[in-house]
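J.: Structure for the following, please:
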Amino acid sequence: MRIIRYYPNNRSFVPAGRPWAGLEQEIDRLFSTAVTDFGGAVLSRTQFPVDLYEDAANAYVRAELPGVKREDIQVETADGVLSITATRKETAGEAEEAFSFSRSVTLPADVQSEQVTAAYENGILTVTLPKRQETKPKKVSVAVQ
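T.: Numbering: from 1, shown residues only. Alright, predicted model coming up:
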């Protein structure tokens with residue numbers, strides 16, 4: 001089983017002789033994904049990391065969505081792309097704020113997109129992507145002659 005931590009941007013590797021190379025881009029990336037108020041508190045984040053892993057029968061996408069209710073999560077597959085959208089509502093006194101998060105992942109070609117299932121438990125969304133029969137490994141027994 002492989003586990004891949006998938007982030008929305010492409011990061012470049014830092015050359016060994018230049019430890020500060022790319023620092024400006026990393027700082028820009030951090031601030032571009034968060035919206036802050038004047039006090040510096042993070043109010044929302046529009047994208048979230050997902051874990052991608054697979055076994056012989058399925059591929060999986062796992063996302064941590066703490067504080068999001070099950071009915072506020074939408075999972076959709078269309079044109080070879082898995083889209084996850086979540087909305088978290090927070091109330092502060094009389095005011096209610098809603099924060100939306102979304103993420104899209106390109107599906108592998110060997111996935112049966114019409115049989116995708118999703119489960120949400122304890123703040124973790126797990127989307128199961130079953131592989132096509134012809135791509136699954138098949139054992140062949142060797143007969144004695």
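J.: can you give me the helices in this protein?
T.: Along the chain, counting by DSSP state H, helices occupy 23-32.
J.: Point to the helix or strand of it where mean pLDDT is at its lowest.
T.: strand 42-45 (a mean of 43; mean pLDDT, DSSP states H and E).
J.: can you list the weak-confidence ranges in the protein?
T.: 1-25, 27-46, 135-136 (pLDDT under 70).
J.: Swap in 50 and give it another go.
T.: Where the chain drops to pLDDT under 50, the residues are 35-44.
J.: now what about stretch 123-142, what contacts it?
T.: By Cβ atoms under 8 Å, 6 or more residues apart in numbering, the surrounding residues in contact with stretch 123-142 are 54, 56-68, 73, 75, 82, 84, 86, 107-108, 110-113, 115-120. Every C-beta, even on glycine, is put in place using the N, C-alpha and C of the backbone.
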